[in-house]
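S.K.: kindly return the folded structure for what I paste below:
(one chain, ligands or ions: 1)
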Amino acid sequence: MADDRDLDQVRADIDAIDREIQSLLNRRAGCAQRVADIKLAEVQAAREQGDGDAEVVYYRPEREAQVLRGIMNRNEGPLADGTVAHIFREVMSACLALERPLQVAYLGPEGTFTQAAAIKHFGHAAVCVPHNTIDTVFAQVESGECNYGVVPVENSTEGMVSHTLDNFMDSPLKISGEVEMRISHHLLVAPGTDEAQVTRICAHQQALAQCRNWLDRHWPNVERDAVSSNGEAARIAAAEPGVAAVAGDMAAEQYQLEKLAEHIEDYADNTTRFLIVGREEVPPSGNDKTSIIVSSRNKPGALFALLDPFRRSGVSLTRIDTRPSRTEKWAYVFFIEFEGHMGDDRVSTILNELEEQSILLKPLGSYPQAVM
Ligand SMILES: O=C(O)C(=O)C[C@]1(C(=O)O)C=C[C@@H](O)C=C1
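M.R.: Next up is the predicted model:
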């Protein structure tokens with residue numbers, strides 16, 4: 001009996017806390033609505049002053065990163081830092097949707113890790129729309145059809161996604177954020193299928209590569225078929241008996257597939273990094289990265305000369321990749337990412353030096369380092 005009274009008491013406490021949380025959430029949402037009014041009034045004033053291009057920017061990645069970092073830093077548990085950050089991610093997503101619902105284009109179809117990355121970054125209140133190619137994702141944002149786009153840029157096992165890097169060469173879009181996702185693949189089949197029935201394994205070629213050793217060991221004689229995405233592989237597995245797909249949890253849920261084997265990626269820390277592309281530049285958040293494309297004259301020591309300003313300023317490079325320039329045979333452009341924001345003195349000094357010695361310098365944007 002005493003136990004029952006305890007249970008009732010604790011549940012009464014939970015009810016009271018829920019009422020408080022609910023009221024606080026709505027107070028917070030009211031503040032977000034006031035923020036939206038202020039942003040709108042500022043833009044109207046700018047337009048009246050003759051700035052005809054002024055547009056209201058509701059989504060503020062630098063502010064969201066600061067809010068999430070603050071929440072994680074002051075968290076005392078028992079909920080884990082990542083858990084509270086996810087909850088507040090959704091709270092901000094809902095508040096932003098009251099200001100203006102975001103349209104986000106991502107490399108689809110549904111059920112891919114890129115969709116999971118879009119939801120991780122923007123929350124469930126954003127309207128996420130799948131597109132078949134990286135080119136179309138860029139085009140949707142460039143035309144204003146969507147506010148932001150989400151594309152994969154590199155995988156810890158398989159390296160860079162060259163198509164994404166190539167798109168930046170001609171695009172006016174800016175990078176406004178990054179998302180990292182732990183990528184775990186499973187071998188998925190339609191319910192009731194057993195191992196002996198599987199005659200073909202479908203997946204995106206990156207997923208086949210990330211699970212190559214496991215597939216060689218367990219399924220050496222079964223045909224492997226590279227298809228346009230893991231979501232597409234899952235769709236085929238659901239429709240065709242005898243086909244298994246290598247794909248993640250979202251695809252398994254989406255197509256209601258069963259797992260013949262779980263976590264089959266060759267490297268346990270297999271991670272993919274995604275970029276958020278948008279039309280606006282992002283102010284400093286206090287912990288930022290900058291990405292640039294740079295190309296130098298084809299002469300001895302050219303790469304050393306490009307990197308030397310970073311060494312002298314003590315700025316850490318987080319990544320460097322090379323792509324053919326496409327305008328000149330055997331000429332290359334470098335994609336360089338480093339810590340800091342273009343507004344920082346150290347970074348602007350480096351960019352000025354690079355401008356002087358390179359034949360092309362294209363800043364792709366400064367953006368908050370991934371928080372969650
Ligand atoms: O601070 C702002 O500019 C807001 O619009 C509020 C808020 C939030 O809910 O905290 C919502 C959306 C923005 O992307 C950033 C933060």
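S.K.: mind jotting down where the helices sit in this protein?
M.R.: Per DSSP state H, the chain carries helices over the ranges 2-48, 61-74, 81-99, 113-122, 134-142, 162-170, 205-210, 212-218, 230-239, 249-254, 302-313, 345-357.
S.K.: closest one to Glu281 among the ones you listed?
M.R.: Ranking the helices of the chain by proximity to Glu281 (Cβ to Cβ) places helix 61-74 first, at 10.3 Å. Placement of C-beta: from N, CA and C, glycine included.
S.K.: tell me if that closest one is near the ligand.
M.R.: Yes: using Cβ under 6 Å from any ligand atom, helix 61-74 reaches the ligand at 63-64, 67.
S.K.: contact residues of this protein facing the ligand?
M.R.: Counting by Cβ under 6 Å from any ligand atom, the chain sits next to the ligand at 32, 35, 59-60, 63-64, 67, 92, 95-96, 99.
S.K.: farthest-separated two in those?
M.R.: Val67 and Glu99 (14.6 Å).
S.K.: so, low pLDDT: which residues of the chain?
M.R.: Along the chain, the parts satisfying pLDDT under 70 run over 1-4, 329-330.
S.K.: quick one, domains of it?
M.R.: By the record's domain assignment, the chain is partitioned as 186-269, 281-368 (automatic domain parsing).
S.K.: out of the helices of the chain, deepest packed?
M.R.: Ranked by mean neighbour count, the helices of the chain are led by helix 113-122 with a mean of 25 (mean count of other Cβ atoms under 10 Å).
S.K.: which residues are contacting it?
M.R.: 89, 93, 102, 104, 106-108, 126, 128, 130, 148, 150-152, 177, 179, 181, 183, 230-231, 248, 250, 272, 274, 276, 372 (Cβ atoms under 8 Å, 6 or more residues apart in numbering).
S.K.: related to what we said a few turns ago, so which of the domains of the chain is nearest Asp53?
M.R.: domain 281-368 (13.5 Å).
S.K.: how far does that closest one sit from its chain's centre?
M.R.: The chain centroid and the centroid of domain 281-368 are separated by 21 Å under Cα atoms, centre = their mean, to the nearest Å.
S.K.: likewise for stretch 89-100?
M.R.: 18 Å.
S.K.: and stretch 115-128, by the same measure?
M.R.: That offset, for stretch 115-128, works out to 9 Å (Cα atoms, centre = their mean).
S.K.: now do the end-to-end distance for it.
M.R.: End-to-end distance of stretch 115-128: 8 Å, with Cα to Cα, to the nearest Å as the criterion.
S.K.: and what of stretch 155-173?
M.R.: 22 Å.
S.K.: go on, stretch 190-204?
M.R.: End-to-end distance for stretch 190-204: 18 Å, by Cα to Cα.
S.K.: re the thing from before, so of the contacts of helix 113-122, which ones are in strands?
M.R.: If you go by DSSP state E, the contacts of helix 113-122 have 104, 106-107, 128, 130, 148, 150-152, 177, 179, 181, 272, 274, 276 in strands.
S.K.: need the max-distance pair from those.
M.R.: Maximum pairwise distance in those, criterion Cβ to Cβ, is 19.1 Å, between Pro130 and Gly177.
S.K.: between the two, which one's more packed in?
M.R.: A direct count of neighbours by other Cβ atoms under 10 Å for Pro130 and Gly177 places Gly177 higher, at 27 against 19.
S.K.: roughly how far apart are the closest residue to the more buried one other than its chain neighbours and Asn167?
M.R.: In this structure, Gly177 finds its nearest non-sequential neighbour in Ile276, 3.8 Å apart by Cβ to Cβ, 6 or more residues apart in numbering. With distances taken as Cβ to Cβ, to the nearest Å, Ile276 is found 14 Å from Asn167.
S.K.: next one: Ala234
M.R.: 26 Å.
S.K.: go on, Glu154?
M.R.: For Glu154, the distance to Asn167 - Cβ to Cβ - is 14 Å.
S.K.: ditto for Gln44
M.R.: Counting by Cβ to Cβ, the gap from Gln44 to Asn167 is 34 Å.
S.K.: now Ala29
M.R.: According to Cβ to Cβ, Ala29 stands 36 Å off from Asn167.
S.K.: what of Gln256?
M.R.: From Gln256 over to Asn167 (counting by Cβ to Cβ), the distance is 34 Å.
S.K.: equivalent analysis for Glu64, please.
M.R.: Counting by Cβ to Cβ, the gap from Glu64 to Asn167 is 25 Å.
S.K.: same check, this time on Phe113
M.R.: 19 Å.
S.K.: Arg224 now?
M.R.: Distance, Arg224 to Asn167, using Cβ to Cβ: 28 Å.
S.K.: now stretch 152-171, how far from the centre of its chain.
M.R.: Remark: stretch 152-171 is offset 13 Å from the chain centroid, using Cα atoms, centre = their mean.
S.K.: which residues does it contact?
M.R.: So stretch 152-171 is in contact with 107, 113-114, 117, 134-135, 138, 142, 151, 178, 183, 206, 209-210, 265-267, 269-275, 277, 293, 319, 321, 323, 326, 333, 335, 362, 364, going by Cβ under 8 Å, 6+ apart.
S.K.: let's see 7 Å
M.R.: 107, 114, 134-135, 138, 142, 151, 206, 209-210, 266-267, 269-275, 293, 321, 323, 335, 364 (Cβ atoms under 7 Å, 6 or more residues apart in numbering).
S.K.: buried stuff in stretch 265-275?
M.R.: Buried residues in stretch 265-275, counted by 16 or more other Cβ atoms under 10 Å: 265-266, 270, 272-275.
S.K.: between which two of these is the distance greatest?
M.R.: Going by Cβ to Cβ, the pair spanning the buried residues of stretch 265-275 furthest: Asp266 and Leu275, at 24.6 Å.
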